[in-house]
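1. when you get a sec, could you give me coordinates for this:
(one chain, ligands or ions: 1)
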Amino acid sequence: MTETALYPSFARAGLSFERGEGVWLTTTDGETYLDMMAGIAVNALGHGHPHLVGAVKAQVEKLWHVSNLYTVPEQETLARRLVETTFADRVFFTNSGAEALECAIKTARRHHFVAGRPERFRIITFEGAFHGRTLATLAAGGQAKYLEGFGPKVEGFDQVPFGDEAALRAAIGPDTAAILIEPIQGEGGVRPVPRAFLTLLRELCDENGLLLIFDEVQCGLGRTGHLYAYQGYGVEPDILASAKGIGGGFPLGACLATEDAAAGMTPGSHGTTYGGNLLAMAAGNAVLDVVLAPGFLESVRDRGLRLKQKLAAVVDLHPTIFSEVRGEGLLLGLKCVVPANDVVAAGRARRVLTIGAGDNVVRIIPALIVSDEEIEEAVARIEAAAHDLETAARSGDKGAAA
Ligand SMILES: *Cc1c(COP(=O)(O)O)cnc(C)c1O
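-> Here you go, the predicted model:
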């Protein structure tokens, strides 16, 4: 019987880590694991990256927090860099992905409100989506299992099946404000949205005066080998939510918007105590220093491609375990034949950390600094785990026959 003072809301593995370097983690017992899940796509630069550690250390010595009642030059710097490298003109900093989405939803609704269209507040979302765990983002995600028992679902979200053009067209009405989508579904099982469908969304938004919101909390910040995934697709949103990798492990999120989309976010319309905190800004600026350095994103694309090819070979060799590899850059998923959680557990036994997702997928989402040698090693361990599962299944069959 384990005693815990924590909410038992997470199914935790009995593993605790003490130290980390790059894609390697050391447990409190001194065992080493190869980390191919990066704190759920958060540790973009891996563990203990010298530039990130140095930047946060320097800020810790100077000043931690002053509030948003004052001008924070470090916020101006990070916002300016995000604006200069994306579609956006304006940035609002938050502490998490869900808050970045809350800001995106509020921005879209206020955009229509100040334009004299207060009836336009509904947002169309897609099945399999994940947008966070606040009440509004749960409603946006629409997953029954996460909504159960939390009272009436927040009003104003209309969900349509993934990729269903007819349902999408039918869902657009006079009270629709925006369409919200992850260009690549993360929690939903690493499901990339086809480029043609994103293009269609852009066209439908333009035709109907709707705002297009991309949730790039998981697929953004370099993960696909583009600063944001939309840049690889060539389809621009009006609003974008970023988080996870943007702080490299420090809690940080951001809502990016065009001047026009953010027109309703006038003084007093939105706020946060911690969002844009100095330590978070030090982390965010340091992450961008590395991710925007010449050649970095290109190398993510190269290594992502190599990892995907090697995983495809593992799928071919183990058809009773895996059926497909999918995803972009270093946001990859192995669709499983056996329960994905069994594959994650078998990987853990081989000292490689992966993470499950919807649609019976195992996600491979390492730090963006993973080396070719580490990719090689990770694939070898995943393959060994698949082999272990096959062996166990065979002896299980024999046991059943005996
Ligand atoms: C993780 C995630 C969120 C929620 O982020 P939190 O920081 O956990 O609030 C939202 N959208 C997507 C796509 C995510 O992957």
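
2. so where do the helices sit in the stretch 251-400 of the chain?
-> With DSSP state H, counting those that start in this stretch as the criterion, the stretch 251-400 of the chain has helices at 278-291, 296-317, 340-349, 372-401.

3. tell me which of those helices is the most buried.
-> helix 278-291 (a mean of 22; mean count of other Cβ atoms under 10 Å). Yep, even glycine has a C-beta here, placed from its N, CA and C like the rest.

4. wait, does that one make contact with the ligand?
-> No - Helix 278-291 lies out of reach of the ligand by Cβ under 6 Å from any ligand atom, never closer than 12.6 Å.

5. which secondary structure elements does that helix contact?
-> helix 50-62, helix 73-85 (3 or more Cβ pairs under 8 Å, 6 or more residues apart in numbering; DSSP states H and E).

6. residue 157: neighbouring residues, count only.
-> Neighbours of residue 157 under the rule other Cβ atoms under 10 Å: 21.

7. for residue 17, list each beta-bridge partner.
-> residue 27 (DSSP bridges).

8. can you report how many residues neighbour it?
-> For residue 17, using other Cβ under 10 Å, the count is 14.

9. re the thing from before, and the helices and strands packed on helix 278-291: which comes nearest the ligand?
-> helix 73-85 (17.4 Å; Cβ to the nearest ligand atom).

10. what number of residues lie near residue 52?
-> The burial count for residue 52: 26, using other Cβ under 10 Å.

11. the nearest residue to it once chain neighbours are set aside and the ligand, how far apart?
-> Leaving aside its sequence neighbours, residue 52 sits nearest to residue 286 (Cβ to Cβ, 6 or more residues apart in numbering; 4.6 Å). Separation of residue 286 from the ligand (Cβ to the nearest ligand atom, to the nearest Å) stands at 19 Å.

12. the residue of the chain found nearest the ligand: what's it in contact with?
-> Residue nearest to the ligand within the chain (Cβ to the nearest ligand atom): residue 97, separated by 2.2 Å. The contact partners of residue 97, by Cβ atoms under 8 Å, 6 or more residues apart in numbering, come to 131-132, 215, 217-218, 241, 243-244, 253.

13. 10 Å instead?
-> For residue 97, the contacting residues are 40, 42, 130-134, 137, 215-218, 220, 241-244, 246, 251-254, by Cβ atoms under 10 Å, 6 or more residues apart in numbering.

14. report pLDDT for it.
-> On pLDDT, residue 97 comes in at 98.

15. which residues of this structure score low on pLDDT?
-> 1-2, 398-402 (pLDDT under 70).

16. up against the ligand, what does it have?
-> Residues of the chain lying near the ligand (Cβ under 6 Å from any ligand atom): 96-98, 101, 130-132, 182, 186-187, 215, 217-218, 243-244.

17. now, the most widely separated pair of these?
-> 96 and 182 (15.9 Å; Cβ to Cβ).

18. which one of the two has more residues nearby?
-> With neighbours defined as other Cβ under 10 Å, residue 96 and residue 182 compare such that residue 182 has more, 27 against 21.
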